[in-house]
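**Student:** the sequence and its predicted three-dimensional model are supplied below.
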Amino acid sequence: MPLTGTRVVDLTRIIAGPFCTMLLGDMGAEVIKIEPPKHGDPLRAQGVIKNGISWYFASYNRNKKSLTLDLHSEEGKGILTELIMTSDIVVENFRPGVLEKMGFGYERMKELKPDIIYCAITGFGKSGPYKDRPAFDFIAQAMSGFMSVNGNDGEEPLRAGVPISDLVAGLYAVIGIMGALVNRMRTGEGQEVQASLVDSLVAMLSYMAANYLATGELPVRTGNDHPLVAPYGIFRCSDGEVAIAPSNDQVYHKFLSAIGLDHLRNIPEFATNDLRMVNRKQIKKIIQEVIIQRPKSYWIENLNRAGVPCSTVMNLSEVFADAQIQHQEMVIDVPHPGHGIVKMLGFPVKLSGTPCRVERPAPNLGQHTIEILQSLGMDIDKINDLHVRGVV
């Protein structure tokens with residue numbers, strides 16, 4: 001696998017950090033998840049608990065080993081020191097300064113392992129006026145401008161349903177780590193990688209940001225209509241709704257032919273996309289009167305055949321029953337000893353030669369403590385003593 005032979009010390013919890021390290025594990029890295037004794041990652045107790053395991057936790061912590069470690073104890077810090085010296089990557093998502101106070105800032109890690117790649121995932125960044133503020137996905141969506149462009153004009157802004165800032169920050173962290181690994185292969189040098197929830201969402205503002213930076217004009221919320229293209233959006237059929245996306249003039253003309261409205265090409269108010277944007281309500285009304293006459297299945301089949309993107313707005317039940325999603329193996333069954341089969345999301349990135357795979361399920365709390373400590377040269381009597389005293 002791409003990252004076979006790479007060891008990752010995972011000091012993360014909840015979503016952004018564990019998502020990042022899960023992706024590294026999916027590509028073959030040995031991920032050692034360090035958790036506090038007794039309770040571990042708070043995500044172990046969140047979401048649906050089925051057969052004694054949180055499926056939420058299981059889905060973000062596959063392909064990892066669990067080592068319980070009291071990092072407030074000197075012995076716990078000593079064990080972490082040894083792990084860093086034998087590892088390639090350290091990932092953490094504490095508030096800025098927390099690891100430094102514990103004696104494990106980037107400068108200290110470089111002393112222990114000069115070519116270490118250290119990745120910090122934070123809410124706002126490790127410096128700046130907001131670095132010490134508590135962070136959460138909802139706040140990141142609000143502060144990044146991401147929430148301001150979602151919803152309908154005249155109504156309140158809307159957050160994305162999923163914790164989008166956590167997931168995007170985790171993805172950017174992986175990209176940064178991969179770049180640092182390639183650079184280390186070339187130069188032999190490690191480096192610090194930073195990703196934050198707010199920065200990651202700001203970077204996703206796309207043409208919204210480009211247009212604002214060019215004109216100084218704030219984007220108007222357009223709901224399911226496209227801010228730059230018309231007609232485009234949700235249309236009612238005789239038995240439900242479909243999403244239709246004629247994204248440029250070429251597709252727009254195909255769309256008109258497919259729905260029998262070729263004559264609209266000759267109407268001056270609809271001659272260009274800019275004019276259609278001005279007259280969006282009028283053209284949508286004309287198209288809607290045609291779409292309502294037939295069922296969803298008709299439009300999905302005929303519009304896609306004509307080269308016009310069209311789909312229903314699918315709920316999760318429909319998504320996971322869909323033939324394409326099943327063909328792409330976007331849901332996988334992972335056996336968890338003692339907990340049965342856990343269904344979870346599959347791999348969106350397909351590698352032809354070294355595909356991602358699940359080599360181990362999400363670990364029980366401290367499941368690999370003995371194995372990892374023995375790999376550091378510790379004998380079982382010492383491990384038992386640490387256990388009795390709550391260090392592990």
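**Tutor:** Arrived safely. The shown structure was predicted, so the numbers you read here are calculated from the model rather than taken from an experiment.
**Student:** quick check: phi and psi on the closest residue to residue 4 other than its chain neighbours?
**Tutor:** Spatial nearest neighbour of residue 4, chain neighbours left out: residue 28 (4.1 Å); criterion: CB to CB, 6 or more residues apart in numbering. The C-beta positions use only the backbone N, C-alpha and C, and glycine is treated the same way. Main-chain torsions, residue 28, degrees, to the nearest 10: phi 110, psi 0.
**Student:** center of the protein - which residue?
**Tutor:** Geometric centre of the chain, nearest residue: residue 167, 2.5 Å, by CA atoms, centre = their mean.
**Student:** residues making contact with the helix or strand that residue falls within?
**Tutor:** Element membership for residue 167 (DSSP states H and E) is helix 164-187. The contact list for helix 164-187 (CB atoms under 8 Å, 6 or more residues apart in numbering) reads 6, 14-20, 23-24, 88-89, 91, 115, 117, 119, 121, 137, 140-141, 144, 146, 189-191, 193-201, 203-204.
**Student:** these in helices, which ones?
**Tutor:** 16-20, 23-24, 137, 140-141, 197-201 (DSSP state H).
**Student:** for residue 46, state which of those residues is nearest.
**Tutor:** Checking these against residue 46 by CB to CB gives residue 18 as the nearest, at 12.0 Å.
**Student:** for the closest one, give its distance to residue 169.
**Tutor:** Note on residue 18: its distance to residue 169, by CB to CB, to the nearest Å, is 12 Å.
**Student:** farthest from the middle of the chain: give me that residue.
**Tutor:** Residue of the chain lying farthest from the centroid, by CA atoms, centre = their mean: residue 266 (45.2 Å).
**Student:** quick one, phi psi at that residue?
**Tutor:** According to degrees, to the nearest 10, residue 266 has phi -100, psi 0.
**Student:** output the contacting helices and strands for the helix or strand containing residue 255.
**Tutor:** For residue 255, the host element (DSSP H and E) is helix 249-258. Judged by 3 or more CB pairs under 8 Å, 6 or more residues apart in numbering; DSSP states H and E, helix 249-258 is in contact with helix 273-278, helix 296-305.
**Student:** make TSV from those helices and add mean pLDDT and distance to residue 59 to it.
**Tutor:** Output for the helices and strands packed on helix 249-258, formatted as TSV (pLDDT from 0 to 100; distance: least, CB to CB, whole Å):
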stretch	mean pLDDT	distance to residue 59
helix 273-278	96	41
helix 296-305	98	30
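**Student:** to residue 254, which of these lies closest?
**Tutor:** Going by CB to CB, the one of the helices and strands packed on helix 249-258 nearest residue 254 is helix 296-305, 8.6 Å.
**Student:** list the buried residues in the closest one.
**Tutor:** 296, 299-300, 303 (16 or more other CB atoms under 10 Å).
**Student:** widest-spaced pair of these?
**Tutor:** 296 and 303 (10.6 Å).
**Student:** for the stretch 201-350 of the chain, what spans make up the helices?
**Tutor:** For the stretch 201-350 of the chain, the helices defined by DSSP state H, counting those that start in this stretch occupy 206-215, 249-258, 273-278, 280-291, 296-305, 316-321, 323-327.
**Student:** let me see the contact set for the residue nearest to residue 126 when sequence neighbours are not counted.
**Tutor:** Residue nearest to residue 126 in three dimensions, not counting chain neighbours: residue 96, with 4.5 Å by CB to CB, 6+ apart. Applying CB under 8 Å, 6+ apart to residue 96 gives the contacts 120, 122, 125-127, 131-132.
**Student:** reformat the helices and strands packed on helix 249-258 as CSV; add distance to residue 312.
**Tutor:** Formatted as CSV, these follow (distance: least, CB to CB, whole Å):
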stretch, distance to residue 312
helix 273-278, 24
helix 296-305, 6
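**Student:** relative to residue 382, which of the ones you listed is closest?
**Tutor:** helix 296-305 (64.4 Å).
**Student:** tell me the helices and strands packed up against the closest one.
**Tutor:** strand 233-237, strand 240-244, helix 249-258, strand 310-311.
**Student:** just the strands in the stretch 1-150 of the chain please.
**Tutor:** Taking DSSP state E, counting those that start in this stretch as the criterion, the stretch 1-150 of the chain contains strands spanning 7-11, 30-35, 49-50, 53-54, 64-68, 89-92, 117-122.
**Student:** export those strands as CSV, with columns for mean pLDDT, distance to residue 388 and mean neighbour count.
**Tutor:** Putting the strands of the stretch 1-150 of the chain into CSV (pLDDT from 0 to 100; distance: least, CB to CB, whole Å; neighbours: other CB atoms under 10 Å) gives the following:
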stretch, mean pLDDT, distance to residue 388, mean neighbour count
strand 7-11, 98, 24, 24
strand 30-35, 98, 19, 25
strand 49-50, 97, 29, 13
strand 53-54, 98, 27, 20
strand 64-68, 98, 13, 23
strand 89-92, 98, 28, 25
strand 117-122, 98, 33, 26
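**Student:** would you turn those into JSON lines with distance to residue 150?
**Tutor:** Shown next, in JSON lines, are the strands of the stretch 1-150 of the chain (distance: least, CB to CB, whole Å):
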{"stretch": "strand 7-11", "distance to residue 150": "32"}
{"stretch": "strand 30-35", "distance to residue 150": "33"}
{"stretch": "strand 49-50", "distance to residue 150": "31"}
{"stretch": "strand 53-54", "distance to residue 150": "29"}
{"stretch": "strand 64-68", "distance to residue 150": "33"}
{"stretch": "strand 89-92", "distance to residue 150": "30"}
{"stretch": "strand 117-122", "distance to residue 150": "24"}
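**Student:** residue contacts, the closest residue to residue 46 other than its chain neighbours?
**Tutor:** Spatial nearest neighbour of residue 46, excluding adjacent residues (CB to CB, 6+ apart): residue 56 at 5.5 Å. Each residue near residue 56 by CB under 8 Å, 6+ apart is listed here: 43, 46-48.
**Student:** how does it look with 10 Å?
**Tutor:** 15, 43-49, 344 (CB atoms under 10 Å, 6 or more residues apart in numbering).
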